[in-house]
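> Here's a sequence, model it:
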Amino acid sequence: MINQYTRTYWFKIPMGNLSVATLAMNFLKACNNTKGITILGSLGPRVFPSIYKHAFMLIVELAESHASMCTYPEEGVFAAQISTCGDFESLESFRSSVELQFNTSFITEGDSCESLYV
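Below is the predicted model:
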């Protein structure tokens, strides 16, 4: 049986001075620094037409599954998600790598932005 682990982590980040390219590169670096995963490629960033600057999604293809980043600039947050068939420790390594790369702190864990307002 293959184990599949998935986590969505929410982070607060001031996006005002950061470009989409910088945010995407930081996410790729965080994935690259995550223990137990292998990057195969990436899709995006896909910028969404929006009144908000920096609204985008990036998907990173992993040998073990995938990771993604979705920004919510109107809220000043982004979601970083990882799904892996690898080991459970990859989840914590991913979270730590994102925190270090973006110099931010984890807010909460959950499937939607609604978990920020509970």
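> C-alpha from now on. contacts and neighbour counts both.
Will do.
> Which residue is the nearest non-sequential neighbour of the residue nearest the centre of the chain?
The centre of the chain sits closest to Ala80, judged by CA atoms, centre = their mean, with a distance of 2.3 Å. Leaving aside its sequence neighbours, Ala80 sits nearest to Met69 (CA to CA, 6 or more residues apart in numbering; 4.6 Å).
> picking that back up, looking at it, the residue nearest to the centre of the chain is touching Tyr72, isn't it?
No: counting by CA atoms under 8 Å, Ala80 sits too far from Tyr72 to count as a contact (11.3 Å).
> so Ser83 is in which element?
Ser83 is part of strand 77-84, with elements assigned from DSSP states H and E.
> And the helices in this structure?
20-32, 89-102 (DSSP state H).
> Quick one: those helices as JSON lines, columns for distance to Leu62 and mean pLDDT too.
Converted to JSON lines, these look like this (distance: least, CA to CA, whole Å; pLDDT from 0 to 100):
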{"stretch": "helix 20-32", "distance to Leu62": "9", "mean pLDDT": "92"}
{"stretch": "helix 89-102", "distance to Leu62": "12", "mean pLDDT": "92"}
